[in-house]
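[1] pasting the sequence and the predicted model now:
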Amino acid sequence: MMRYAIYQTAWGWFGCVVRKDRLVASHLPADESMVYENIRRDWPEARRQQNLLPDLKRSVLAYFNGRAEPFDVRVDLSERTPFQRAVLQACRRIPHGQTATYADLARKVGNPKAARAVGRVMATNPMPLVIPCHRVLCGDGSLGGFSSPGGVELKKRLLRFEDDSLVTD
């Protein structure tokens, strides 16, 4: 059974979708109605349950209050290909306050020529923040894209929030 929760952070409303106590999707903070509509559109069978994954909620609230905590939550990537799973897991290991490039992730998953494919995986990341795709940059240090609401400006804001030295204008 699919369940979801939406809760307020210092940056807006964060949403998460859970299947069998594993995170399936997350939605970066936005207006509550936008997060709700996105979850209902993508997961119409999900039922609201506010007390989902309390450790994740605590970590997300801490993050948006400026305290780095690991997002120690089990994730469900079963609907992804082996390559996508490997890339997402490699991205998940990028520490708070650090970045990697698309090419770095391609090398880490054993496919050094797959930087563009890594970019496509990042563009469809189902769990932004928990899988910190905002920490992945182009080889020249530029930000590249960001498919979450708020786009590259949100990516820049997240990186600056983690460490001002990560973003150059």
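    Arrived safely. Numbering: from 1, shown residues only.

[2] tell me where the chain has helices.
    32-42, 54-64, 82-92, 102-108, 115-123, 151-162 (DSSP state H).

[3] average pLDDT for the fourth one?
    Confidence for helix 102-108, expressed as mean pLDDT, is 97.

[4] how is this protein divided into domains?
    The record's domain split for the chain, according to automatic domain parsing, is 2-64, 82-166.

[5] mind checking which of those domains is nearest Asp76?
    domain 2-64 (3.9 Å; C-beta to C-beta). For the C-beta atoms, the positions are set from N, CA and C on the backbone; glycine is no exception.

[6] just how off-centre is that closest one within its chain?
    12 Å (C-alpha atoms, centre = their mean, to the nearest Å).

[7] can you give me phi and psi for the closest residue in space to Arg58 that isn't next to it in sequence?
    Nearest non-adjacent residue to Arg58, counting by C-beta to C-beta, 6 or more residues apart in numbering: Glu69, 7.5 Å away. Note on Glu69: backbone dihedrals following degrees, to the nearest 10 are phi -130, psi 150.

[8] residues in contact with the residue nearest in space to the middle of the chain?
    What sits nearest the mean C-alpha location of the chain, by C-alpha atoms, centre = their mean, is Pro128, with 1.2 Å. Pro128 makes contacts with 26-28, 134, 148, as judged by C-beta atoms under 8 Å, 6 or more residues apart in numbering.
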